[in-house]
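**Q** I need the structure of the sequence given here:
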Amino acid sequence: MAIKKDLPKAERITKEEKRLRRIYKDIAKDNKAIIDGLIQRAAYMRITLEDYEADLDIKGYVEMFSQSVNTDPYERERPVARLYNTMNKNYQSIIKQLSDLVPKSEPRAKDDDGFDDFVSGRSD
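**A** Next up is the predicted model:
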C-alpha cells in the first residue's frame, strides 16, 4: 500500500502506523507493549525516509562544497544522504525486531513422494 506523498507528514505517519498494526496484529499480548513503540518509530522512520528519498532523487547524493571563498569547491556527501543511510539502517533494525516477535508458523510437512521408502527397500 503506497501512502500518498501529498498528504501532510503526520497523516502519512498515522496511515503507516495503522498498516503496521494490521501486519503485526497477531503478536502475543505480552509483547503488545513492546511493539507499540517500535511501530510508532518504524512509521515515523519510513515516512521520513520517503521524504529523504524524494529529496535525494531531485538534488542527488553529493553537492559542491567549499571551506572558504579562497578554496576550490569539491564534491561531498550531502548531509541528508548521511541521515538517510543512518535512518535506513535503524529502520531495518526495528522491522527485524518486529518480525522476530511474530509467532513462527509450523513448517509444512514435506510431501512424501515415496523415494525414501524406495531407497531403503532396495536389496542391492
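**Q** in what helix or strand does the residue nearest to Val62 when sequence neighbours are not counted lie?
**A** The shortest distance from Val62 to any non-neighbouring residue, by CB to CB, 6 or more residues apart in numbering, is to Glu75 (4.6 Å). Every residue, glycine included, has its C-beta placed from N, CA and C. Take DSSP states H and E as the rule and Glu75 turns out to sit in strand 74-77.
**Q** Next up, the contacts around Ile39.
**A** 17, 20-21, 24, 98 (CB atoms under 8 Å, 6 or more residues apart in numbering).
**Q** mind listing what's buried in the helix or strand that the strand holding Glu75 is followed by?
**A** If you walk from strand 74-77 toward the C-terminus, the next helix or strand you reach (DSSP H and E) is helix 79-101. Using 16 or more other CB atoms under 10 Å as the burial criterion, the residues of helix 79-101 that qualify are 80-81, 84, 87-88, 91, 94, 98, 101.
**Q** From the residues you listed, which shows the smallest pLDDT?
**A** Among these, Leu101 carries the lowest pLDDT, at 84.
**Q** and the gap between it and Ile95?
**A** With distances taken as CB to CB, to the nearest Å, Leu101 is found 11 Å from Ile95.
**Q** Quick one: low-confidence residue ranges for the protein.
**A** Judged against pLDDT under 70, the low-scoring parts of the chain cover residues 1-4, 106-112, 118-119, 122-124.
**Q** how about a cut-off of 90?
**A** Confidence mapping of the chain against pLDDT under 90 gives the ranges 1-6, 23-34, 65-73, 99-124.
**Q** for it, what spans make up the strands?
**A** Remark: strands assigned in the chain by DSSP state E are 62-65, 74-77.
**Q** C-alpha coordinates for the last one, PDB please?
**A** If I follow you right, that is strand 74-77. Coordinates of the C-alpha atoms in strand 74-77 are reproduced here as PDB (Å, rounded to 0.1, in the frame of the first residue of the first chain):
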ATOM      1  CA  TYR A  74      34.900  19.900  -4.100                       C
ATOM      2  CA  GLU A  75      32.200  17.200  -4.000                       C
ATOM      3  CA  ARG A  76      31.000  16.000  -0.700                       C
ATOM      4  CA  GLU A  77      28.200  13.800   0.500                       C
END
